[in-house]
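In: Compute the structure for the input listed below.
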Amino acid sequence: MGAKKDPKAGAKAPAKAPKKKEGGGGKAKKKKWSKGKSRDKLNNLVLFDKGTYDKLYKEVPTYKLITPSIVSERLKVRGSLARRALLELTEKGLIRQVVAHRSQFIYTRVTKDNEDEEAEKAAEGGVVTDKKPKKAKAPSKAEKKAMEEAEKLAAEA
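Out: Numbers count the residues shown, from 1 in each chain. From the prediction side, this is the model:
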């Protein structure tokens, strides 16, 4: 009987090939950059149409806080148009200006109290201050005595 041949011995192993490292080499995929956050384009009106103009006069004077940005957002009009509209409402007396800063104007609705204050301010020509009527105090003991003595002297004379 012949010698058994080793099946592994016949197949020659190739020269030692370097093993690939699991985490390291290889061709990595290129990083895909995001396009960034994109905003939806606003399609606001440049001029008032009939419906929006009516809405301006009907709804805006009822808001508690009125700014050009709020009007622009709610009525879908440009900011420059909102500023002009608020000036018009102020001139007609439908809203009242609270703060005038160069970059942002703040308005509020006109209430009954506001109308009274404006009338006083126009009459005085100055700053309106709240004048509360003073409550009548009960006279002290010393004041009572002084009053009684004054009455006795008045009765004698």
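In: Helices of this protein, start to end?
Out: Assignment of helices within the chain using DSSP state H yields the ranges 7-10, 50-59, 68-75, 79-91, 112-124, 141-156.
In: pLDDT below threshold where in this protein?
Out: Scanning the chain for pLDDT under 70 picks out 1-26, 114-137, 157.
In: re earlier: quick one: the helices of the chain as a markdown table, columns for distance to residue 100 too.
Out: From N, CA and C alone the C-beta is placed, and that goes for glycine too. Below are the helices of the chain laid out as a markdown table (distance: least, Cβ to Cβ, whole Å):
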| stretch | distance to residue 100 |
| --- | --- |
| helix 7-10 | 95 |
| helix 50-59 | 21 |
| helix 68-75 | 12 |
| helix 79-91 | 10 |
| helix 112-124 | 15 |
| helix 141-156 | 50 |
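In: is it true that residue 55 touches residue 77?
Out: No: contact between residue 55 and residue 77 fails when scored by Cβ atoms under 8 Å: they sit 10.0 Å apart.
In: These two: who's more crowded?
Out: Using other Cβ atoms under 10 Å as the criterion, residue 55 and residue 77 rank with residue 77 on top: 24 against 15.
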